[in-house]
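Q: Sharing a model prediction with you, sequence too.
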Amino acid sequence: TQLLEQSPQFLSIQEGENLTVYCNSSSVFSSLQWYRQEPGEGPVLLVTVVTGGEVKKLKRLTFQFGDARKDSSLHITAAQPGDTGLYLCAGLLGNEKLTFGTGTRLTIIP
Amino acid sequence: DSGVTQTPKHLITATGQRVTLRCSPRSGDLSVYWYQQSLDQGLQFLIQYYNGEERAKGNILERFSAQQFPDLHSELNLSSLELGDSALYFCASSVGQLPNQPQHFGDGTRLSIL
C-alpha cells in the first residue's frame, strides 16, 4: 500500500492548457516536497511546503499544502512542452525519511 | 548539473552476482541518501548516511549494504542479486542530516539483472 497516492497517474494535454495534479495521504506530514524528474535524470526539487494551507508559486506553477497537512496539489497554468516530466510528491513523517508518491507522468503536446 | 556523481551509469549482470554502486556527493554536503526506483514500487528510500555514520534506514534488504567513507563518498553494495533487483538506483546528497532539507539527486545507475 502506497502511503502517498498521486492522481492522475498519466496526463496528456495541449500546450497552453491548465492542469492540476494531486497528492493524497491518510497520514499527516511535517512537510511535503514536489520534484520533477526527466528521462535519464534524477528528480529535481521544485518546492517544499511546511505549513497547513500554505501556497507557494514558482512562475506558472502553484503548490498548495492541505490545511490538515495530509494532501497537496500542483497547478500549472498555460502548460508548455518544457513542463513535460514525472512529477513526484514526497512527504516527511517526523524527521526520519522522505516517502515518495506514486508519481504523475505529464506530457505537454505542442 | 546537481553536482552529485554516480558511477557506473549502467550495469548489467546476472542473478547471484554482487555489484557496487558509487556516489560522490556535492561539495560540502555531509548526508548521502540511497533510493531505488522501479516501475512497480516507485521511488523507495533505502538508507541515509550523515558524516560517515548511518542515520536512517528505509526499505533496504539484508542483501544490500552501504557505507560512507571519510572523504564522504558512498558505496551501495548489492549481493545475491535477483531479477527483482533490476531498477534505477539514485544517490542524493544534502548539507545537513534532516531529510526535509533540499536533496540533490544524481542521474542514477541503471541496474539490469539477466
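A: The structure has been received and is ready for your questions. Residues are numbered from 1 along each chain as shown, chains lettered A, B, ... in the order given.

Q: For the residue of chain A found nearest chain B, which non-adjacent residue is spatially closest?
A: For chain A and chain B, the shortest gap (C-beta to the nearest C-beta) falls at A:Gly42, measuring 2.9 Å. Yep, even glycine has a C-beta here, placed from its N, CA and C like the rest. Once flanking residues are discounted, A:Gly42 sits nearest to B:Phe105: 2.9 Å by C-beta to C-beta, 6 or more residues apart in numbering or on different chains.

Q: The one you found reaches A:Gln33, doesn't it?
A: No. Using C-beta atoms under 8 Å as the test, B:Phe105 is too far from A:Gln33 to be in contact (11.9 Å).

Q: can you tell me how far the residue of chain B found nearest chain A sits from B:Val4?
A: Chain A sits closest to B:Phe105 of chain B, with a gap of 2.9 Å, by C-beta to the nearest C-beta. According to C-beta to C-beta, to the nearest Å, B:Phe105 and B:Val4 sit 6 Å apart.

Q: Doesn't A:Gly82 lie inside a helix?
A: Yes. A:Gly82: assigned to a helix according to DSSP: H, G, I helix; E, B strand; the rest coil.

Q: just how off-centre is stretch A:79-97 within its chain?
A: On the basis of C-alpha atoms, centre = their mean, to the nearest Å, stretch A:79-97 sits 4 Å off its chain's mean C-alpha point.

Q: touching chain B at all, that stretch?
A: Yes. Stretch A:79-97 reaches chain B (C-beta under 8 Å from any C-beta of the partner chain) through A:Leu88, A:Ala90, A:Leu92, A:Asn95, A:Glu96, A:Lys97.

Q: And that stretch, end to end?
A: With C-alpha to C-alpha, to the nearest Å as the measure, stretch A:79-97 spans 32 Å from end to end.

Q: Would you mark the buried spots in that stretch?
A: Across stretch A:79-97, burial judged by 16 or more other C-beta atoms under 10 Å in any protein chain shown covers A:79, A:83-93, A:97.

Q: who in chain B is up against chain A?
A: Near chain A, the residues belonging to chain B are B:2, B:4, B:35, B:42-45, B:48, B:56, B:58, B:90, B:92, B:98-100, B:102-108 when assessed by C-beta under 8 Å from any C-beta.

Q: Now that we have the residues you listed, which of them are buried?
A: By 16+ other C-beta under 10 Å, those give B:2, B:4, B:35, B:42-45, B:48, B:56, B:58, B:90, B:92, B:99-100, B:103-108 as buried.

Q: give the contact list for B:Ser31.
A: Residues in contact with B:Ser31 (C-beta atoms under 8 Å, 6 or more residues apart in numbering or on different chains) are B:Pro25, B:Gln48, B:Tyr49, B:Tyr50, B:Asn51, B:Arg55, B:Ser93, B:Ser94, B:Val95, B:Gly96, B:Gln97, B:Gln101.

Q: so what's it bridging to?
A: B:Tyr50, B:Ser94 (DSSP bridges).

Q: Same check on B:Gln68?
A: When bridges are called by DSSP bridges, B:Gln68 pairs up with B:Ser74.

Q: And for it, the neighbour number?
A: By other C-beta atoms under 10 Å in any protein chain shown, 23 other residues sit near B:Gln68.

Q: Pull up the per-residue confidence for it.
A: Listed pLDDT for B:Gln68 reads 98.

Q: can I assume it is in contact with B:Ile47?
A: No. Look at B:Gln68 against B:Ile47 with C-beta under 8 Å: they stay out of range, at 9.8 Å.

Q: residue contacts, residue 53?
A: As the question left the chain open, I've gone with chain A. A:Gln64, A:Phe65, A:Gly66, A:Asp67.

Q: Chain B is the one I meant
A: Contact analysis of B:Glu53 by C-beta under 8 Å, 6+ apart lists B:Gln68.

Q: Cool, thanks, talk later.
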